[in-house]
Structures are given as C-alpha cells and as structure tokens.
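In: A structural model of the following input is requested.
(one chain, ligands or ions: 1)
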Amino acid sequence: MTTDLNAAMGRNDVELGKPANAAERDTLGTILGLCFGIPEADLRALLEAQDMDPLVVLRHGGEVVGGLILIDMGQHFGGRSVPMCGVAAVGIAPERRGEGFGRALVRGSVAYMASRGAVLSALYPATVPLYRSGGYELAGQRFEHELPLDSWTQRSGELSVRPGTTDDYAEMERAQSAAAREHDGTLDRGDYIWQRVRSPRGDTSRHYLVEGSDGLGAYLSLRQPKRTDGHIGYDLVLTDLVVREHEAGQRLLAFLSTHASLAGKVTLHGAAHPELLGLLSEWRPSSRLFMPWMNRVLDLPAVLRARGYAPGLSAEVSLRLNDDLCDAHTGNWILRVADGVAQVEPGGNGEIELSERGAAAVFGGFSTPRAAARQGLLHGPPESLDRLGALFAGNGPWMMEMF
Ligand SMILES: CC(C)(COP(=O)(O)OP(=O)(O)OC[C@H]1O[C@@H](n2cnc3c(N)ncnc32)[C@H](O)[C@@H]1OP(=O)(O)O)[C@@H](O)C(=O)NCCC(=O)NCCS
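Out: Residues are numbered from 1 along each chain as shown. Down below sits the predicted model:
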C-alpha cells in the first residue's frame, strides 16, 4: 500500500491492492456475483482460474468491500495497437454503497494502473459520473443491429463455407487482427476477450469460415439462442465477424440467409455502419446505440507515440496537459507527426490546454477538439484546435466486444 494510492482516493481509511489470499479473492467473487446477478459459484470459478495479478480489491476496516478486474490488451488507433488496460466488473458490496467507496475504487485503480506502467485504460460505464471522477471520458461506441432474415436474398457464388475448429483458431486470429487494426477503437484482443468471443457466458460459439485468396477471406462465430418473439426456432447472434474479401463476405451472408426457415433475425455489434450491411442487397435493420465506452489516458506522450497517423500528414501542436491524479504526464508537450508516426517531447508553449478527460475525448478521434472545447474539456485558438483535429481524425471509434 502506497500513500500515493490513498492520495488518489482522497481518504486514508481504505486500502487498495491485489487480494492478499484466496479468502479475499472469494469475497470479491461473492460481491461481484451479487453486483452483476451472476451465480456466486460461477464468478468464484472465474476468479479462481486467474492468478491474483489482474484482481483489485478495496478494503475498509480490514474487510473487502468491493473490487474489479483488470484485463491487459490493446486498442487500435490510426492502424497501430496501443497497449490498453481494460477495467471490468467494478462492484461495491450492496450494503456498502453510497459511502464513496465506488469513487475511491475508481480513482485508486487509475493510480494503481499507472503505477503498473499502463498508458491507457478503457471500460464500459454503467454510470458515467463515477468514471469521470477518475478522469475517464466518453471515447467510442458499440452499436447493436438486428436484421430480420425474411428480407434477405443473397446469392451463394462459387465459394464454400466450412465449420471451424480449434485447429483454425490461429488463422482466425490472424484475419481478425488484420481486419481490426483498420478501425479506430477496436480491441487488440488477449486471451480474456478471445475466451468471451468463443465461449460467451453459459454458451459456446460455432465458427464458419470462407477461404480467401491469401488466408481466410471471412469468418463468423455465432450463438443460436431461442427466439423470444413467440415463434419456434432461434435467432443468430454473431459473437465475431471478420470480412477480408468481398466475395467471401457475400458467401457468409448467403450462409446466414439459409437459416431463414427457423431463424428470426441476425444480431451483430460494432460500428454504426458495419461493413456487412454494405454487402446486403436488401436490409431493414433495427439499430441502436447499445453502450458508449470510455477511455482514460494515463500517459499521454506514450499514447501519442504508440498510435498511428494517416500517411502524408505532417503537423506540429503544442499541448499543456493538466491531470491531478497522474502527475507524471502533467505539463507541456510538443507533438510532431510525420510519416504516420509521432515524436513527443517535453516543452512548447502549450497552445492547447487540456484536461486528462479532454485528452481521452480527442486522442482517438471520438470528439473533435472544437466539440471538446465546447464541453469545457480543452481550449486553444481555433486554428490550433483544427490542426490537432486533423491529426486524430478517423471515422468514429467503435468496438464489437463487451468486457
Ligand atoms: C456503481 C457502484 C460501483 C457505485 O459504488 P458506490 O460506492 O455506491 O459509489 P459512490 O458512493 O462512491 O458514488 C460515486 C458516484 O457513483 C455514481 N453512482 C453511484 N450509485 C449510482 C447508481 N445507483 N446509479 C447511478 N449512478 C450512481 C454517482 O455519480 C455517485 O456520485 P454522487 O454520489 O456524487 O452522485 C455500485 O453502485 C455498484 O457496485 N453497483 C452494481 C454494479 C455496477 O453497476 N457496477 C458498475 C459497472 S460499470
């Protein structure tokens, strides 16, 4: 326990760290089971399967009152993977809520992740103000699209579909990784996310593959839950979808349409306008924003160096960052971009002044700097804001997976 974590939490009557022993880990399992309505035994088994490292508990009076799970992975921005620590299963024991423990847990965990060398964090917020208090800001979106199958007429073409097995996992991972890095915000998955994609809670995904000209041309993973609209049959929920080549994508659509005698709809998650919709000849989707997600920038220079930038773009911007919680990156930085990469050095006149939440809003292209300025997250001359916006511009960060 360091005093820094207590300073971040703003109180000295709590402690934050890894579970000290199996009993504390079990208590965390019980609390998180109650928080998320998951059978306690399932959650305890999930936590037992990991070592203590990714687990965080908050103690008060020597008792565990809450905690969360950290997931090391990456997130793509500008075509490159930025190391990212995902935060999942944030929970406080039901009888201890409303005492400020949630806020302490979030703020303490931010300082804890920074002390472990994390440069960026992401999470799905059940409540936004809680995470804003730790410097997170809205940074991307996960949409849900439901496509009724009765409106589909797709031709099969020449290509064939085959079921995938564990022997195909390495090739699926290669195809997924190449496809994901083309889009801002997508996850550079680790084992935890692959496990959730392939074995969604209480279910197993089946995989269907189409060969392409160089490796897999497309594949999907799906579940078949029972229909809930009163008809017999099932729906098709895509837990993974990768399209590398046009013909292969068309073949997957035709494959899905062959389920129409008993299946009601196909559900998929991700971008506001997924590529797959562009391949459909007819579609009447019902779409909604399922949830936004938030980023927390823990080391701004490291994030700016790690992300990629559009080729052919070169510009220089001087930033003044204010971050009360992570003072290691607080200060003035010069960002110079050329040939798709950034150099970041201390110094400069700080033409744009931003908070850590401002950094989270703009670095991945979710908000333009002008929009972030209107939210009070940063300020600077309009010409400087536009120069920064040009460096971070993309087509809207999104993510397919939940964690
Ligand atoms: C969300 C949760 C972690 C908050 O813990 P807590 O100890 O009660 O939180 P705090 O007392 O520190 O309150 C911090 C802020 O969280 C937000 N918050 C707390 N409970 C909330 C609720 N039920 N609904 C919406 N926001 C809430 C508020 O903004 C609050 O700040 P305020 O009191 O200044 O308005 C807790 O209610 C919980 O475990 N809920 C069930 C699991 C869950 O939803 N986890 C979040 C998953 S992303």
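In: going by C-alpha atoms from here, please, whenever you check contacts or count neighbours.
Out: Fine.
In: for stretch 156-169, how far is the first residue from the last?
Out: 25 Å (CA to CA, to the nearest Å).
In: hey, where'd the helices end up in the protein?
Out: Assigned by DSSP state H, the chain shows helices spanning 3-9, 22-36, 40-48, 101-115, 128-132, 169-180, 191-198, 246-257, 275-279, 300-306, 356-362, 369-374, 382-392.
In: kindly reformat those as CSV containing mean pLDDT and mean neighbour count.
Out: Listed next are the helices of the chain as CSV, based on pLDDT from 0 to 100; neighbours: other CA atoms under 10 Å:
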stretch, mean pLDDT, mean neighbour count
helix 3-9, 90, 19
helix 22-36, 95, 20
helix 40-48, 86, 16
helix 101-115, 98, 23
helix 128-132, 98, 18
helix 169-180, 97, 16
helix 191-198, 93, 16
helix 246-257, 93, 21
helix 275-279, 85, 14
helix 300-306, 98, 20
helix 356-362, 98, 27
helix 369-374, 98, 20
helix 382-392, 98, 18
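In: export the ones you listed to TSV and tack on distance to the ligand?
Out: Shown next, in TSV, are the helices of the chain (distance: least, CA to the nearest ligand atom, whole Å):
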stretch	distance to the ligand
helix 3-9	10
helix 22-36	4
helix 40-48	14
helix 101-115	4
helix 128-132	4
helix 169-180	24
helix 191-198	17
helix 246-257	33
helix 275-279	29
helix 300-306	24
helix 356-362	16
helix 369-374	21
helix 382-392	27
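In: so what are the domain limits for this structure?
Out: Per automatic domain parsing, the structural domains of the chain span 3-135, 143-292, 299-392.
In: which residues does the closest residue to Leu105 other than its chain neighbours contact?
Out: What sits nearest to Leu105 in space, not counting adjacent residues and going by CA to CA, 6 or more residues apart in numbering, is Leu58, at 6.4 Å. Residues counted as contacts of Leu58 (CA atoms under 8 Å, 6 or more residues apart in numbering) are 14-17, 64-67, 101, 105.
In: with Thr239 instead?
Out: Taking CA under 8 Å, 6+ apart as the test, what Thr239 contacts is 197-198, 200, 205, 220-223, 268, 401.
In: burial count for Thr153?
Out: Using other CA atoms under 10 Å, Thr153 has 15 other residues around it.
In: okay, now Ser281: neighbour count?
Out: Ser281: 12 neighbours (other CA under 10 Å).
In: the ligand contacts on this structure?
Out: 35-36, 89-92, 97-103, 124-127, 129-130 (CA under 6 Å from any ligand atom).
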